[in-house]
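**Q** Okay, here's the prediction I keep looking at, along with the sequence it came from:
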Amino acid sequence: MIKKHDTTKLLLNSKKLHAFAIEESLFVYSDETQNVYGFEKGSAALFLQIDELIPHYTVEEIAKKFLDVDTDLVQQMCDLTSGKETAVEVEYESDIEFGTYINDDLIRKHYQVDDIVYAIHYPNDMFYKRLHPVFEYLYVDNPEGKHIVSVDFCKSDDLWEVHWNNTPLGMAMPEKKLATFLQEKMMICTYQSKRYLIALHAGAVEKNGNVIIMPAVSESGKTTLTATLLYHGFHLFSDEVTTLDYNGFVLPLPFCMNIKEGSWKILSEMYPYLIDGDKYSRFDGQNIRFIPPVNMYLGRQKASHIIFPKYIPNSETTLTEIGAKDALEKIKDAGYQVQENMDREKFELILKYLVSLPKYTLVYSNLDEAIDMINTLLEM
């Protein structure tokens, strides 16, 4: 049985700040800047004391009451509680626009994800042979969708632009980068077409009703671990982006996994076609090969655990439970997006459905040991 930690909302003197206690952490959300401040144990108690004092005392008088506390910390808390917050306001990226589909006479191959149809026109046989295998599992003869997006490749000198309903989708690029670029945009458009609470740079897998979210910065071994988990009986929600809706359900995103060159040999016994499959290039110049989304989970499910994976060569495999403040910082480091902008209600739901889960860091160098530890965790 999964033990979640309750989130308790605390009343503050400032009406523009909202405080939430979870485990031993205190999170303060600011309406003014949409910033979140995290405090633990002693610092959390200090903030609540200052919030009580700020209506009745000056900053100088408050500082004298806490002479044994770091002056800068006291000043930061006083500024925050008195409405003198100086943090830069947070802004989130806008969703990709569908645009307007205009029917034409071009021959198009149709690929459907949920209720979105991507109608791709390949300019020549070479493009078809290179790109169609990447999206073949989404191919449909008779598409039926709420949205239709025409996708065209337009030559610009020696480079190519991707046009999305007749609108350029970014700058021109070499042909070898088109597949990864297009898949990324299709993935983003797919999850943004739904009303989502938060999208994380994270993988997500399921086994026996347990759904593990694995946020990670680049080069953490997230994709290699995900591919290995799938080979060992787990089901896939997503490898690159994990989205939660407003009820805390994880949404599946059926797109290929991008396997970097350093993992081809490691994963080749599980996925033999990695050895001699077509090579593609990512935005960062790294060579990748694709693994189609195998063992997809059909439907939605609430998350049960968060694991932050980190591959370190020759390291001992360890699974360590962490607190809410550390987890939120790691989620921020890995990267996330909210639809439109953050607000107090959204942040409260993120605490409830994500940060309240059991949270762990997984350091590993041996994949078999990592899988064993995850399986043992799910049996607890």
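**A** Yep, it's here. Since this is a predicted model, take the numbers as computed values, not measurements.
**Q** Once you drop chain neighbours, what's closest to residue 256?
**A** Nearest residue to residue 256, sequence neighbours excluded (CB to CB, 6 or more residues apart in numbering): residue 290, at 4.0 Å. The C-beta positions use only the backbone N, C-alpha and C, and glycine is treated the same way.
**Q** tell me the contacts of residue 177?
**A** 280-283 (CB atoms under 8 Å, 6 or more residues apart in numbering).
**Q** measure residue 300 to residue 250 for me?
**A** 7 Å (CB to CB, to the nearest Å).
**Q** Also residue 17?
**A** 30 Å.
**Q** So for the two, which residue has more residues nearby?
**A** For residue 17 versus residue 250, neighbours defined as other CB atoms under 10 Å are more numerous around residue 250 (27 against 20).
**Q** can you give me the offset of the helix or strand where the more buried one lies from its chain's centre?
**A** Using DSSP states H and E, residue 250 sits in strand 249-251. A distance of 12 Å separates the centroid of the chain from that of strand 249-251, by CA atoms, centre = their mean, to the nearest Å.
**Q** try stretch 259-276
**A** Relative to its parent chain, stretch 259-276 has a centroid offset of 24 Å by CA atoms, centre = their mean.
**Q** So which bits of it are buried?
**A** The neighbour-count criterion (16 or more other CB atoms under 10 Å) identifies 259-260, 263-264, 267, 271, 274 as the buried residues of stretch 259-276.
**Q** Out of those, list just those in helices.
**A** Among those, the ones falling in helices (DSSP state H) are 264, 267.
**Q** now, the most widely separated pair of the buried residues of stretch 259-276?
**A** Greatest spatial distance among the buried residues of stretch 259-276 (CB to CB): 260 and 271, at 13.4 Å.
**Q** any idea how far residue 39 is from residue 82?
**A** 17 Å.
**Q** quick one: which of those two has more around it?
**A** Counted by other CB under 10 Å, residue 82 and residue 39 do not tie: residue 39 has more neighbours, with 21 against 17.
**Q** how about the strands in the stretch 101-250 of the chain?
**A** 109-113, 116-121, 139-140, 147-156, 159-164, 167-168, 198-207, 210-215, 235-238, 241-244, 249-251 (DSSP state E, counting those that start in this stretch).
**Q** The spatially closest residue to residue 134 that is not a sequence neighbour - how many residues pack around it?
**A** Distance criterion CB to CB, 6+ apart; nearest residue to residue 134, sequence neighbours excluded, is residue 179 at 4.9 Å. Neighbours of residue 179 under the rule other CB under 10 Å: 24.
**Q** So residue 179 sits against residue 131, correct?
**A** Yes - the pair residue 179 and residue 131 qualifies as a contact (CB atoms under 8 Å) at a distance of 5.4 Å.
**Q** Have a look at this structure and report its longest helix.
**A** Under DSSP H, the chain gives helix 178-192 as its longest helix.
**Q** pLDDT (mean, whole number) over that helix?
**A** Mean pLDDT, helix 178-192: 95.
**Q** helices or strands next to that helix in the packing?
**A** strand 116-121, helix 125-135, strand 147-156, strand 159-164, strand 241-244, strand 280-281 (3 or more CB pairs under 8 Å, 6 or more residues apart in numbering; DSSP states H and E).
**Q** can I get those in TSV with distance to residue 369 and mean pLDDT?
**A** Below are the helices and strands packed on helix 178-192 laid out as TSV (distance: least, CB to CB, whole Å; pLDDT from 0 to 100):
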stretch	distance to residue 369	mean pLDDT
strand 116-121	40	97
helix 125-135	32	95
strand 147-156	43	95
strand 159-164	42	96
strand 241-244	24	97
strand 280-281	31	94
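**Q** Ok, which of the ones you listed comes nearest residue 6?
**A** Nearest to residue 6, of the helices and strands packed on helix 178-192 and by CB to CB, is strand 241-244 at 18.3 Å.
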